[in-house]
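Peer 1: model this:
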Amino acid sequence: MKDLTKGNPMKLIVMFAIPMLLGSIFQQFYNLADTRIVGQFLGERSLAAVGATSSINTVILGFMHGISAGFSLTAARAFGEKNEEKLKQTVAATVVLGGVTCILLTVLSLVFLDPLLHAINVKSDIFAESKSYISMILGGMIIILSYNVQASIMRAIGDTVMPLVFLIFSAFANIFLDILFVKNLGFGIRGAAAATLITSGMSAVLCFIYMKKRYPFLMPSAKHYRFSKELAAEMYSSGVSMGLMNSMIGLGSLIMQGAINGFGTDTINAHIASRKISEMCMMPMTAFGGAASNYAGQNYGAGKYSRVRKGFYTATLLTWIWSVFVIIAVYAGTPFLVRQITGLDNSYIIRTACQYTHFNMPFYFVLGIIFVFRHSLQSVKIKLMPTLSSFIELAGKIIVSFLLAPKMGYKAIIIAEPISWLFMAPVLIWGLISCKQLKESDRPDIDNKSFITAET
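Peer 2: Modelled structure (predicted):
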């Protein structure tokens with residue numbers, strides 16, 4: 001647990017981001033293990049079946065992840081304000097509002113799964129496997145959400161270490177179960193999905209046990225479950241905004257996936273590999289953005305607006321330093337990484353993946369601004385600009401998928417995101433510049449004395 005309202009902003013953001021980064025690495029580690037095990041033991045067709053549904057996963061699970069992240073922003077502000085009662089009410093509301101939303105979304109996604117798979121142009125030769133895999137993931141959405149909600153709450157109060165510990169455990173358990181279910185027991189593609197759900201459930205249970213023992217001040221009593229229209233509105237305002245932001249990003253990817261699926265199995269696998277590489281390279285930016293978001297939330301709740309402003313600039317600088325390193329490193333290493341990710345030595349897949357990563361990397365300086373500003377603005381109750389930026393990204397991907405991809409082929413997919421980023425960044429910068437409250441002096445009227453008796 002860490003109070004982010006005191007101390008050097010750069011040191012706090014870096015130290016907060018490191019466990020988040022390591023968590024993202026292990027998250028990708030077992031995602032890559034899924035990909036490698038499926039590709040190696042089940043073949044290219046099964047690998048393509050998983051890749052063809054990745055955008056559905058991003059849209060639907062992304063919305064729920066956004067909901068949980070948005071809810072946790074209210075918790076971060078309450079923690080920064082040192083309002084114990086509101087913090088407990090926020091945890092209680094997260095359980096109720098998050099659970100109801102997740103159940104409703106699970107039912108809707110399974111009912112409309114077939115039309116959705118047809119809409120993104122999943123080919124008949126991989127349709128059955130794609131449906132088998134994604135239906136299990138969506139059916140177990142509440143299991144995945146339960147870990148993410150608890151991890152988000154712990155991060156809101158400054159604890160990024162224990163979510164990392166539970167994620168590391170989950171990563172190794174997932175690899176073990178992947179091999180057991182896919183290779184040894186012959187469960188096929190559903191075995192990979194089952195491994196993900198089982199290990200997510202194990203992590204969720206460990207999180208709950210730890211939180212109950214270590215952070216009793218987070219445990220709500222019956223009175224904290226009383227419905228509050230004001231609190232529900234505040235939480236849904238942040239949660240739905242973050243959820244829609246994530247969903248629009250995912251929806252754009254979903255629409256583009258339909259175009260990609262029409263290019264054939266080799267192109268699908270090239271895109272899988274290039275996206276995995278990109279996701280690995282973006283992980284530190286995601287960590288700095290997440291750290292800046294929690295930093296901004298706590299300091300905004302504490303009325304320390306000058307620290308909020310400094311946090312935006314510090315986190316952005318950190319993403320730029322990382323961009324310099326990753327551009328140099330990945331340009332030379334893409335062919336090796338593609339072979340390791342897919343388990344395949346296909347020259348077309350390697351060449352196409354290289355084209356994608358080499359074009360995208362120089363635009364990471366712009367992407368760094370987006371990662372920091374889009375989430376941190378939500379922490380200070382600015383929702384319009386982050387949502388608008390996501391609409392811009394969605395619009396760009398729609399244009400590419402329906403107008404450019406039929407004429408330019410996969411080259412249109414390669415240029416889609418960097419062009420969108422160039423339009424998104426100015427909108428987010430304007431969101432910070434136009435925020436009147438962040439131009440004000442710090443508030444001296446907030447009691448910053450902690451209600452926590454044993455901080456670590």
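
Peer 1: residue ranges with poor pLDDT in the stretch 351-456 of the chain?
Peer 2: 443-456 (pLDDT under 70).

Peer 1: could you show me where the helices are in it, in order?
Peer 2: 364-379, 384-399, 405-408, 410-433 (DSSP state H, counting those that start in this stretch).

Peer 1: got it, and the stretch 201-350 of the chain?
Peer 2: So, for the stretch 201-350 of the chain - with DSSP H, counting those that start in this stretch - the helices run 229-261, 265-301, 305-342, 347-360.

Peer 1: List the buried residues in the shortest one.
Peer 2: By neighbour count, and taking 16 or more other Cβ atoms under 10 Å as the criterion, the buried residues in helix 347-360 are Ile349, Ile350, Thr352, Ala353, Cys354, Gln355, Tyr356, Thr357, Asn360. (Glycine included, C-beta is placed from N, CA and C.)

Peer 1: What of stretch 110-121?
Peer 2: Buried-residue list, stretch 110-121, by 16+ other Cβ under 10 Å: Leu113, Leu116, Leu117, Ile120.

Peer 1: ok, back up a step: let me have the buried residues of helix 347-360 in a markdown table, extended by distance to Leu367.
Peer 2: Listed next are these as a markdown table, based on distance: Cβ to Cβ, whole Å:
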| residue | distance to Leu367 |
| --- | --- |
| Ile349 | 24 |
| Ile350 | 24 |
| Thr352 | 21 |
| Ala353 | 19 |
| Cys354 | 19 |
| Gln355 | 18 |
| Tyr356 | 14 |
| Thr357 | 13 |
| Asn360 | 9 |
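
Peer 1: Can you tell me which of these comes closest to Thr5?
Peer 2: Asn360 (36.4 Å; Cβ to Cβ).

Peer 1: The closest one contacts Glu279, correct?
Peer 2: No - using Cβ atoms under 8 Å, Asn360 is not in contact with Glu279, being 11.6 Å away.

Peer 1: Now do the buried residues in the helix or strand containing Val165.
Peer 2: Using DSSP states H and E, Val165 maps to helix 161-178. Within helix 161-178, the residues that count as buried by 16+ other Cβ under 10 Å are 161-168, 170-171, 173-175, 177-178.

Peer 1: so how far is the host helix or strand of Val95 from its chain's centroid?
Peer 2: In the assignment (DSSP H and E), Val95 maps to helix 84-111. Centre-to-centre, helix 84-111 and its host chain are 18 Å apart (Cα atoms, centre = their mean, to the nearest Å).

Peer 1: ok, Trp430 to Phe365 distance?
Peer 2: Separation of Trp430 from Phe365 (Cβ to Cβ, to the nearest Å): 18 Å.

Peer 1: sorry, back to before: specify which member of the buried residues of helix 161-178 is nearest to Trp322.
Peer 2: Leu164 (18.9 Å).

Peer 1: Is it correct that the closest one is in contact with Gly23?
Peer 2: Yes - between Leu164 and Gly23 there is a contact at 4.5 Å, judged by Cβ under 8 Å.

Peer 1: The helix or strand hosting Phe71 - what's its average pLDDT?
Peer 2: Secondary structure assignment for Phe71, by DSSP H and E: helix 54-81. Helix 54-81 carries an average pLDDT of 83.

Peer 1: Let me know the angle separating it from helix 364-379.
Peer 2: 50 degrees (axes from the mean of the first three to the mean of the last three Cα atoms, to 10 degrees).

Peer 1: Packing partners of helix 54-81?
Peer 2: helix 84-111, helix 124-139, helix 141-156, helix 229-261, helix 265-301, helix 364-379 (3 or more Cβ pairs under 8 Å, 6 or more residues apart in numbering; DSSP states H and E).

Peer 1: Alpha carbons only: can I get the third one in CSV?
Peer 2: Which is helix 141-156. What follows is helix 141-156, C-alpha atoms only, in CSV (Å, rounded to 0.1, in the frame of the first residue of the first chain):
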residue,chain,number,x,y,z
MET,A,141,-16.2,-13.7,-17.9
ILE,A,142,-17.2,-13.1,-14.2
ILE,A,143,-14.3,-15.3,-13.1
ILE,A,144,-11.8,-13.1,-15.0
LEU,A,145,-13.5,-10.0,-13.8
SER,A,146,-13.3,-11.0,-10.2
TYR,A,147,-9.5,-11.0,-10.2
ASN,A,148,-9.3,-7.7,-12.2
VAL,A,149,-11.7,-5.9,-9.8
GLN,A,150,-9.8,-6.9,-6.7
ALA,A,151,-6.4,-6.1,-8.3
SER,A,152,-7.8,-2.7,-9.4
ILE,A,153,-8.9,-1.9,-5.9
MET,A,154,-5.5,-2.8,-4.4
ARG,A,155,-3.8,-0.6,-7.0
ALA,A,156,-6.1,2.2,-6.1
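
Peer 1: can you state the direction angle for that helix and helix 124-139?
Peer 2: 60 degrees.

Peer 1: Please name every helix or strand in contact with helix 141-156.
Peer 2: Using 3+ Cβ pairs under 8 Å, 6+ apart, helix 141-156 is in contact with helix 54-81, helix 84-111, helix 161-178, helix 189-214, helix 265-301.

Peer 1: for the fourth one, same thing?
Peer 2: Secondary structure elements in contact with helix 229-261, counted by 3+ Cβ pairs under 8 Å, 6+ apart, are helix 54-81, helix 84-111, helix 265-301, helix 364-379, helix 384-399, helix 405-408, helix 410-433.
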